[in-house]
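**Q** Here's a sequence, model it:
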Amino acid sequence: MTQFIQNHPKRSAFLSGSVFLFFYWLLGFDGITFSDDVYYLLAGKSFWEGTMEVNAYHFSSRWGAYVPSGFIGFILGFDPHRISLISLLSYVGSLYLLMKILPKGINLWILVLWASTQVYLLHFLTKVYPDSLLVFWTCLVPFSASFRKEKPFAASLGLILGLFMGFITKETIVFLAPFPILLFLRDRKNQKINYSFYLGVLVWGLFFGLAYLAYFWIKFGDPFFRVSSINAGHYISEFTYADKGTWAMIRRLTYLPILTWVERSYWIWIVLALPGIWKAWKAKHSPGIEFAFTAFCLILGFWFMSSTLKIYNPIYLNPRHLIILVPILAFLIALGWGSWEKSPKIKLTLASLIAFGVFISFAQQDLKMVLFQTAFLGIFLIKNQQLQTIFLGGLLIIPALASIFYQEKIKSYSDFIETLSNELKTTENQSIIVVNNFVKFSEEVLFPEDQKVKTQLFPMEKLDSLKSLKPEEIRVFVYDYYLHAYPQEQEDVEAVETWLKANYLLQKETRESKVWIRTFTQSAK
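**A** All right, here's what the predicted structure looks like:
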């Protein structure tokens, strides 16, 4: 093994990262999220069954999100964990691109560690979301652009494929719209413009763009139907800003993105990527500047991009949107790793920025993030490169593995599935089972072969309909995970509790891990 690592350093590093991701995927599955993933799972199933219809709902046009995942389900069976294999393939493919383009002399293990251990990236490794697939297409853009001088035709095709496939996966790839322009200006400044590459970008861009618009023109009579559906999909909620007043907009456009980066552990990645960005900016050769421009465009888009063209409403600061940044920042971190050793000024700047993140976490009373970020200050004190890498591995891998146990603790997904399955299988009792709204929403994914759940499971939000039915017996199944993931459902839970106390008598009560099960019968009034 030692000889293999020494003789094949890049291959061994890639295999190590891939194996880590595989075992995390295998052991870290904590169930579905009861949210958008339900749509993508069902859409993929419908597509390969030949029943999927593209309509005004803008998710239905995200072919890149559900067609590949649906194919996995078509081959391996409709199981959320198996279908999330597509996310693993996306991550491993991204790691391969990064390893392929990494310059000689750069610490390969630094890249692997930073590209494979971010907790949000890993959380969606076992999920079916467009963001995890978008990781690969995002990496393909700077990867392809790095070959624009040697292979202009292939590079231009790869860049446009990354943007186009990214767009039909999820629209956030438009963050990279300024990328070709920035690259052109950079090449022009250095007087190294390869016109064949930029002509290819233009031609391929027009080809794919016109084909895309033509599809909607032919099918719906409007080439911009997709844009209209995105605009129509915008709605006012707790996650919008344009309707919340000037102060809400100012907060969103100033410091809230920084708080999100710190709170969701992206801050360390961004700070330690700065030396790599600086190194790439000063260098005249690829790769580096392509990844620096990609990171700049993604951060700029996350900060200022609107969720709709009807009005200016900055997108919701969902940490899931940021996982596409992780491999890009990891490459830049590896590129500039250790450069602070020769510059006390750079080291002080990085340490100060990390300390700033610690201060924010302290103000948020987030002890875990205080300890996590503070520990990284130790990197600057270790001079030995091998010890530094081992220390870094511990800092990154331990929290990543701990997140598996954390998710199990707050979710107990397997216990939830087993308990609800047993309730549904109870043949002597076919009474209505009142469940959390998100459980009812996900019933076709949770129990795809059981048709009776559609009539037996009843969502709490439809209390008025339940009142009109006046069932003699009701079973109430409360999954406590809602307190963590969907706290807004507390209002529906309380309304059901109030009605039950006034009209029903408690007959039986049990608690199974995160599940609270009770049986009620009508009171004699």
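**Q** CA atoms only: put stretch 420-435 into CSV for me.
**A** Coordinates of each C-alpha in stretch 420-435 appear next as CSV, following Å, rounded to 0.1, in the frame of the first residue of the first chain:
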residue,chain,number,x,y,z
LEU,A,420,-45.4,4.0,10.8
SER,A,421,-45.2,0.8,8.6
ASN,A,422,-46.4,-1.3,11.6
GLU,A,423,-49.3,1.1,12.2
LEU,A,424,-50.4,0.8,8.5
LYS,A,425,-50.1,-3.0,8.6
THR,A,426,-52.4,-3.3,11.6
THR,A,427,-55.2,-5.3,10.1
GLU,A,428,-57.6,-5.1,13.0
ASN,A,429,-57.5,-1.4,13.0
GLN,A,430,-58.1,0.6,9.7
SER,A,431,-58.9,3.9,11.3
ILE,A,432,-57.6,7.2,10.0
ILE,A,433,-54.0,8.0,11.0
VAL,A,434,-53.4,11.8,11.4
VAL,A,435,-49.8,12.6,10.6
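**Q** Pass me the low-pLDDT residue ranges in the stretch 201-350 of the chain, would you?
**A** 233-237, 286 (pLDDT under 70).
**Q** just the helices in it please.
**A** In chain order, the stretch 201-350 of the chain shows helices spanning 225-232, 246-253, 256-263, 267-282, 289-304, 326-336, 344-363, with DSSP state H, counting those that start in this stretch as the criterion.
**Q** so which of the ones you listed is the most packed in?
**A** When neighbours are counted by mean count of other CB atoms under 10 Å, the highest per-stretch mean among these falls to helix 326-336, a mean of 27. Heads up, the C-betas are built off the backbone N, CA and C, glycines and all.
**Q** which helices and strands does that one pack with?
**A** Helix 326-336 makes packing contacts with helix 85-101, helix 108-116, helix 130-145, helix 267-282, helix 289-304 when contacts are defined by 3 or more CB pairs under 8 Å, 6 or more residues apart in numbering; DSSP states H and E.
**Q** Show residues contacting it.
**A** For helix 326-336, the surrounding residues in contact (CB atoms under 8 Å, 6 or more residues apart in numbering) are 94-95, 98, 101-103, 106-108, 110-111, 114-115, 118, 120-121, 135, 138-139, 142, 266, 269-270, 272-280, 287-288, 291-292, 294-295, 298.
**Q** same check, this time on stretch 343-351
**A** For stretch 343-351, using CB under 8 Å, 6+ apart, the contacting residues are 271-272, 274-275, 339-341, 377, 380.
**Q** any chance of these in TSV, with distance to Leu176 too?
**A** Listed next are the contacts of stretch 343-351 as TSV, based on distance: CB to CB, whole Å:
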residue	distance to Leu176
Val271	22
Leu272	22
Leu274	20
Pro275	23
Ser339	26
Trp340	29
Glu341	33
Leu377	33
Phe380	33
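**Q** Return the closest of those residues with respect to Ile72.
**A** Compare each of those with Ile72 using CB to CB and the shortest gap goes to Leu272, at 34.3 Å.
**Q** who touches that closest one in this structure?
**A** Applying CB under 8 Å, 6+ apart, the residues contacting Leu272 are 114, 329, 333, 336-337, 350, 376.
**Q** rerun at 10 Å
**A** Contact analysis of Leu272 by CB atoms under 10 Å, 6 or more residues apart in numbering lists 110, 114, 329-330, 332-334, 336-337, 340, 350, 353-354, 376, 379, 392.
**Q** Against Leu377, how distant is it?
**A** Distance check for Leu272 against Leu377: by CB to CB, to the nearest Å, it reads 12 Å.
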